[in-house]
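A.B. asks: below is the sequence, then the predicted model.
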Amino acid sequence: MAEVIEFDPVDTISAGAFGRPGARTFVIQARKGSARLSVLVEKEQVALLAAEARQFLDRIDEEDPEPGGAEPVPGGPVEEDEPLFRARLIGLGYDPQRRLVLIELREAAASGDDDDEEAAPPPARGGEEAPGGAGRVARLFATRAQVRAMAAHGAAAVAAGRPRCPLCEFPMDPDGHACPRWN
């Protein structure tokens, strides 16, 4: 049985990184009241989530425009914090009655999905047992504006990484770079 953590709705949500370039820790963080949740993710997951969230929100906006347009929400930086778990799967959903976006972070794949990470199973609601059994599941409900701000901040964190070497295109460490092209 999965441990379900639900912030419905979040007060704030962000994606980003903390730490020294080359050794950064990427997380998705959410707050609800005094509770804060940090979930460890890979840099590539943040980049993909940012891109997919923007496309997902654009499709939702075509079908269900927000009345009065979306209000901009500042996307704050993530705070250094010990992550509760590592997300293996990330899913997006939408509740049209409440006009909230669901970001679901799963620690373990559904049984039988060890090699298939293309899509997460449909999210369960309100403390129901999550499909797939063991592991933790975080369900974060947020407004479209909050998710857009999270996506923008996550993309900026990914782009703020180490500069690439113009010769080999590997990341250059701040302490120096041993370019294999200089052989």
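C.D. replies: Here it is on my side, so go on.
A.B. asks: contacts, neighbours, all on C-alpha from now
C.D. replies: Will do.
A.B. asks: so for stretch 150-166, what's the average pLDDT?
C.D. replies: Averaging pLDDT along stretch 150-166 yields 91.
A.B. asks: residues of it that come out buried?
C.D. replies: Neighbour-count burial for stretch 150-166, counted by 16 or more other C-alpha atoms under 10 Å, picks out 150, 151, 152, 153, 154, 155, 156, 157, 158, 161.
A.B. asks: among the residues you listed, which lie within helices?
C.D. replies: Counting by DSSP state H, the part of those found in helices is 150, 151, 152, 153, 154, 155, 156, 157, 158.
A.B. asks: about what we covered before: tell me the one of the buried residues of stretch 150-166 nearest residue 100?
C.D. replies: Set against residue 100, the nearest of the buried residues of stretch 150-166 by C-alpha to C-alpha is residue 150 (14.2 Å).
A.B. asks: what ranges do the helices span in this protein?
C.D. replies: Counting by DSSP H, the chain forms helices over residues 43-63, 144-159, given from the N-terminal end onward.
A.B. asks: which helices and strands does the last one pack with?
C.D. replies: Contact here means 3 or more C-alpha pairs under 8 Å, 6 or more residues apart in numbering; DSSP states H and E; on that basis helix 144-159 packs against strand 12-18, helix 43-63, strand 100-106.
A.B. asks: before we move on, back to that, nearest to residue 77 among the ones in helices among the buried residues of stretch 150-166?
C.D. replies: Relative to residue 77, the closest of those is residue 153; by C-alpha to C-alpha it sits at 7.3 Å.
A.B. asks: pretty sure that closest one is touching residue 16, no?
C.D. replies: Yes - between residue 153 and residue 16 a contact is recorded at 6.5 Å, counting by C-alpha atoms under 8 Å.
A.B. asks: now do the shared contacts for the two.
C.D. replies: With C-alpha atoms under 8 Å, 6 or more residues apart in numbering applied, the overlap between the contact sets of residue 153 and residue 16 consists of residue 77.
A.B. asks: what's the pLDDT at residue 72?
C.D. replies: The predicted local distance difference test score for residue 72 is 60.
A.B. asks: then residue 17?
C.D. replies: The predicted local confidence for residue 17 comes out at a pLDDT of 95.
A.B. asks: dump the residue contacts of it.
C.D. replies: Taking C-alpha under 8 Å, 6+ apart, one finds 24, 25, 26, 27, 78, 157 in contact with residue 17.
A.B. asks: the first one contacts residue 16, correct?
C.D. replies: No - the pair residue 24 / residue 16 is not scored as a contact, 9.5 Å apart, by C-alpha under 8 Å.
A.B. asks: which one's more surrounded, these two?
C.D. replies: residue 16 (29 against 14; other C-alpha atoms under 10 Å).
A.B. asks: ok, now which ones touch the more buried one?
C.D. replies: Contact criterion C-alpha under 8 Å, 6+ apart gives 26, 27, 28, 46, 77, 78, 153, 154, 156, 157, 158 as the residues in contact with residue 16.
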